[in-house]
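*Asks:* Here you go, sequence then predicted model.
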Amino acid sequence: MSKASRQKQRIWLILGFVALSYFASSYSPEKTTSVPTAPHTFETLFQQQRSDVQLEVSGTVIKLLADDLQGSRHQKFIINASDNHTLLIAHNIDLAPRIDKLKQGDLVSVYGEYEWNKKGGVLHWTHHDPAGKHIGGWIKHQGKTYQ
């Protein structure tokens with residue numbers, strides 16, 4: 001192989017790597033299935049009035065509310081998520097099991113999508129997504145995971 005042929009081969013190889021790098025960096029899959037790499041805190045999201053953000057939070061159940069039976073059914077309860085704020089949990093019981101043994105004073109860990117409001121916010125999407133397009137959430141209570 002001549003020196004000119006080897007040089008052309010190297011140039012094409014370099015151009016191929018550049019093109020591959022470009023397309024790989026712009027690739028965006030339809031499904032969102034991974035957990036964000038930078039975790040957010042409840043306090044920060046509340047102060048910044050942010051919504052549509054995945055959040056993991058733990059807290060003590062301070063109030064059990066009646067199930068919401070309009071449209072998709074939701075088990076609802078309020079947790080003390082920080083010293084100064086409460087958080088409403090809206091758990092879709094059409095897509096995930098209801099937490100029947102939940103009571104005031106219980107500690108729960110919850111992962112779902114945070115929506116800001118003046119009262120502290122709502123955490124929903126605490127279940128799997130049957131369509132596989134949204135990050136799955138969960139609630140952990142007394143050693144059992146509900147999703």
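*Replies:* Alright, I've got the coordinates. Numbers count the residues shown, from 1 in each chain.
*Asks:* Pairing-wise in the sheet, spell out the partners of the residue most central in space within the chain.
*Replies:* In the chain, the C-alpha nearest the mean C-alpha coordinate belongs to Q54, at 3.3 Å (C-alpha atoms, centre = their mean). With DSSP bridges as the criterion, the beta-bridge partners of Q54 are E113.
*Asks:* go on, S58?
*Replies:* Under DSSP bridges, the beta-bridge partners of S58 are S109.
*Asks:* Where does pLDDT dip in the chain?
*Replies:* Residues of the chain meeting the criterion pLDDT under 70: 1-39.
*Asks:* now the helices for it?
*Replies:* 3-26, 42-47 (DSSP state H).
*Asks:* one step back: would you check how far apart the residue nearest to the centre of the chain and Q75 are?
*Replies:* Distance of Q54 to Q75, computed by C-beta to C-beta, to the nearest Å: 20 Å. (Glycine included, C-beta is placed from N, CA and C.)
*Asks:* which non-adjacent residue is nearest V53?
*Replies:* Take V53 and drop its neighbours on the chain: the residue closest to it by C-beta to C-beta, 6 or more residues apart in numbering is Y114, 5.0 Å away.
*Asks:* wait, isn't the one you found in contact with Q48?
*Replies:* No: applying C-beta atoms under 8 Å, one finds Y114 not in contact with Q48, separated by 10.8 Å.
*Asks:* More neighbours: the two, which one.
*Replies:* Taking Y114 and Q48 together and counting by other C-beta atoms under 10 Å, Y114 has the greater number of neighbours (23 against 11).
*Asks:* and the gap between that one and Q104?
*Replies:* Taking C-beta to C-beta, one finds Y114 at 23 Å from Q104.
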